[in-house]
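# Here is a sequence together with a model predicted from it:
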Amino acid sequence: MSVIPVAGKRITLTIPQPGVWAGRPWARPSSVLLLAAAVAVGGLVLLPLVYLVVRTVGSGQAAADVLLKPSTLATLGRTVLLAGSVTVASAVLAVPMAWLTVCTDLPGRRWWAVAAALPLVLPSFVMAFLLVSIFGPRGLAQQALYPLLGVERLPAIYGFPGAFLVLTLMSYPYTLLSVRAGLQRLDPSLMEAARSLGLSPWRAFWRVTLPQLRPALVAGSLLVTLYVLRDFGAVTMMRYDTFTRIIYIQYQSFLSRSLAAALALVLVGMTAAILYLELRTRGKAHYARGSAGAPRQARLVRLGGWRWPATLFLGSVVFLALVIPAAGLLYWLARGLAQDQSLVALWRSAWNSLSVSLATAGVTMVAALPVAVFSVRRPGWLSHLVERLTYAGFALPGVVIALALVFFGASYAGSLYQTLLMLLVAYVILFIPQAVGAARTSLLQAPACLEEAGRSLGRRPGEVFRRVTLPLLWPGLSAGAALVFLTAMKELPATLILGPAGFRTLSTTVWANISEAFFAQAAAPALLLILLSSVPLALLTLREK
């Protein structure tokens, strides 16, 4: 409430709190619809959790015995160690890479941004196989070094070192894309004010820019942590026993699925603990622009003599994460073509991958919007609970969610079993955290006063959202859709279990060939997967101004 003197009189104005429209917000139909949509999305994600609870309770004392075994505690320690190490390493790589490709005059910075994000398109089991085939004790690197240096055997890459390397190289793009989106929306006047006060560029970055990137960094790091918790391909290829590998082994034994459900509940508990810690670290800081003026591009930082060390840093990461795996794939592709491998059958798999991934990106972003708006514009215990629930699905292995939907379809919706609709539902549950994180980060940086101004002019909530909020959210929504598309392209367990009969994607084609040790035949679909997945990512990055 403000009191303003005008011509000897005092006029009292009631100013609504940020993020809360004037009047009775919960009495409006739009608010009721927003609440219903957000709760419906949260309920959908709860479906696999209900399945896990039912199966675990049904196993009785056996489940409790499994959870208290020393081997289970050891698996918990290995999983936490891997997730924490990969998250920290991804942030250490992603933050300077994002800053270099957005805020500096680095030569070819947009192309570096595309190349640095491309490892995201590789399935984890493909990356793990390629690194093992190259850097393994008897891999291609050893074969190349033996005639020159007489190296007969390289150190073993299996276990924690191999899993850490593979997952870091594959996960840092999550943080990179999120931090890049945050940097592009920062108000450049903040950095300019810090520089005018005598701060060096380095101190200004640490004291001004980095705190403003906190939502983007936390959102990206959260996705990395949850991705590591649910990864199956890399840890299996590297023979590192985390919960996902142990759960898969239990599920292969038809007599132990209830015990696997009990182990999966441990993953749910770990996810809940991580989300609680993330919620406690958010604080109450505001990250929106201080004014509603038109955004402008910040002046690029001149690197001077540091541009070549910066280029070397980016080049080293891209070389290890992209060039070496691509060279390995080309080697196996040449072997396959030398065996007269036919490529005609790949086009059907490519069309299946493209169609289902595009549909997943669109549906998931639509489902994420009410959750993000509800969380940011209607803060409270219910909105935070719904938002937290959406992250639970990303921590569960795809095989767990797929089998939960198989149980649901066989028991209550037989007509949906092994249909594309059921597969799409599984994809939404798996990938909605990516969409919610991107949408929420953009909404935090969108001033609520602009929406309130639109409502004060008599516009309906739907029109305000379409003409004001949605354009402000578009960069974050585009980044989230790209993440969902790329992840759906390489999803494996859910596709194998829920896909219709005869429905093969590029990922399942690669897996089928690798499982049979047909490595040369796996190279062509893997390269096609990289090409098709990189096109939307390149368009998203190159259109930046």
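Yep, that arrived.

# What segments of the chain are strands?
2-6, 9-13 (DSSP state E).

# quick check: mean pLDDT across the last one?
With pLDDT averaged residue by residue, strand 9-13 scores 47.

# now do stretch 371-380
74.

# okay, now the residue nearest to Arg180 when sequence neighbours are not counted: neighbour count?
Leaving aside its sequence neighbours, Arg180 sits nearest to Ala98 (CB to CB, 6 or more residues apart in numbering; 4.6 Å). Where you see a C-beta, it was placed from the backbone N, CA and C, and this is true even at glycine. Neighbour count for Ala98, taken as other CB atoms under 10 Å: 26.

# Tell me which residues touch Ala98, please.
Contact partners of Ala98, counting by CB atoms under 8 Å, 6 or more residues apart in numbering, are 176, 179-180, 183.

# Looking at those, which is nearest Arg138?
Among the contacts of Ala98, Leu176 lies closest to Arg138 (CB to CB), at 33.6 Å.

# how near is the closest one to Ser90?
The spacing between Leu176 and Ser90, counted by CB to CB, to the nearest Å, is 8 Å.

# Burial check on Ala334, number of neighbours?
Neighbour number of Ala334 under other CB under 10 Å is 12.

# related to what we said a few turns ago, how close does the residue nearest to Arg180 sit to Thr175?
8 Å.

# same deal with Ala261?
According to CB to CB, Ala261 and Thr175 sit 31 Å apart.

# go on, Gly502?
Distance of Gly502 to Thr175, given as CB to CB: 38 Å.

# Need the phi and psi values for Gly108.
phi 70, psi 40 (degrees, to the nearest 10).

# what about the stretch 201-350 of the chain, any weak spots by pLDDT?
201-202, 204, 207-208, 251-257, 281-298, 340-344 (pLDDT under 70).

# re the thing from before, touching both of Leu176 and Ser90, which residues are there?
Common neighbours of Leu176 and Ser90 (CB under 8 Å, 6+ apart) are Gly220.

# Now for the contacts of Ala98: which two are most distant?
Largest pairwise distance in the contacts of Ala98, by CB to CB, is 10.6 Å, between Leu176 and Leu183.

# The nearest residue to Arg440 once chain neighbours are set aside: how many residues sit nearby?
Spatial nearest neighbour of Arg440, excluding adjacent residues (CB to CB, 6+ apart): Ala372 at 4.4 Å. Residues lying near Ala372 (other CB under 10 Å) number 28.

# hmm, back to that, which one's more surrounded, Gly502 and Thr175?
Shown here are Gly502 and Thr175; by other CB under 10 Å, Thr175 has more neighbours (28 against 7).

# What number of residues are in the vicinity of Gly150?
Counted with other CB under 10 Å, residues neighbouring Gly150 total 7.

# Could you shift the numbering so residue one becomes 516, and keep it that way?
Right, with 516 as the first residue, what we last looked at is Gly665.

# and the gap between it and Val568?
58 Å.

# And Leu645, by the same measure?
Leu645 is 39 Å from Val568, by CB to CB.

# Ok, Val940 next?
19 Å.

# For Val681, report the pLDDT, please.
Reported pLDDT at Val681 in the predicted model: 93.

# Just list the residues touching it, thanks.
With CB under 8 Å, 6+ apart, Val681 has these contacts: 639, 642-643, 646, 749, 752-753.

# please redo it, this time with the cut-off set to 10 Å
601, 634, 637, 639-647, 672, 746, 748-750, 752-753, 755, 836, 840 (CB atoms under 10 Å, 6 or more residues apart in numbering).

# And for the closest residue to it other than its chain neighbours, the neighbour number?
Take Val681 and drop its neighbours on the chain: the residue closest to it by CB to CB, 6+ apart is Ala749, 4.4 Å away. By other CB under 10 Å, 31 other residues sit near Ala749.

# do Pro662 as well
Residues near Pro662, counting by other CB under 10 Å: 8.

# now do Ser926
So Ser926, with other CB under 10 Å, has 9 neighbours.

# Could you do the one 10 residues further on as well?
Using other CB under 10 Å as the criterion, Leu936 is surrounded by 12 other residues.

# And Ser898, by the same measure?
21.

# Assess the claim that it and Ala553 are in contact.
Yes - counting by CB atoms under 10 Å, Ser898 does reach Ala553; the two are 7.3 Å apart.

# what do those two both touch?
Both Ser898 and Ala553 are in contact with 886-890, where contact means CB under 10 Å, 6+ apart.

# and the residues you listed as CSV, adding distance to Trp862?
Formatted as CSV, the shared contacts of Ser898 and Ala553 follow (distance: CB to CB, whole Å):
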residue, distance to Trp862
Val886, 37
Ala887, 37
Val888, 40
Phe889, 42
Ser890, 42
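
# Give me the subset of those lying in helices.
886-890 (DSSP state H).

# of those residues, closest to Trp989?
When these are compared against Trp989 (criterion: CB to CB), the nearest one is Ala887, at 13.2 Å.

# how deep is Leu835 tucked in, by neighbour count?
When counting by other CB under 10 Å, one arrives at 15 neighbours for Leu835.

# That should have said Leu583, apologies.
Leu583 has 9 nearby residues by other CB under 10 Å.

# and what of Ala731?
32.

# got any residues that touch both of Ala613 and Thr690?
With CB under 10 Å, 6+ apart, Ala613 and Thr690 have common neighbours 731-732, 735.

# And these, which is closest to Ala609?
Gly735 (6.8 Å).

# so who does that closest one touch?
Counted by CB under 10 Å, 6+ apart, Gly735 has contacts 602, 605-606, 609-610, 613, 686-697, 728, 949, 952-953, 956, 998.

# Return the subset of these lying in helices.
602, 605-606, 609-610, 613, 686-697, 949, 952-953, 956, 998.

# Weed out the non-buried ones from the residues you listed.
Buried by 16 or more other CB atoms under 10 Å: 602, 605-606, 609-610, 613, 686-697, 949, 952-953, 956, 998, out of the ones in helices among the contacts of Gly735.

# Excluding covalently adjacent residues, which one is nearest to Gly843?
Spatially, and ignoring its direct neighbours in sequence, Gly843 is nearest to Leu645 (4.2 Å; CB to CB, 6+ apart).

# just Thr1024 next, same as before
That would be Pro1040: by CB to CB, 6+ apart, it lies 4.4 Å from Thr1024.

# For Leu938, see how far away the one you found is.
Per CB to CB, Pro1040 is found 19 Å from Leu938.

# Check what pLDDT Thr690 gets.
At Thr690, the pLDDT recorded in the model is 90.

# what does Thr602 give?
As predicted, Thr602 sits at a pLDDT of 94.

# Check the spacing between it and Pro1008 real quick.
In terms of CB to CB, Thr602 sits 23 Å off from Pro1008.

# What of Phe923?
Plainly put, Phe923 is 17 Å away from Pro1008 if you go by CB to CB.

# Likewise for Leu664?
41 Å.

# show me what contacts the residue nearest to Gly843?
637, 654-655, 681, 752, 839-844, 846-847, 1034, 1038, 1041.
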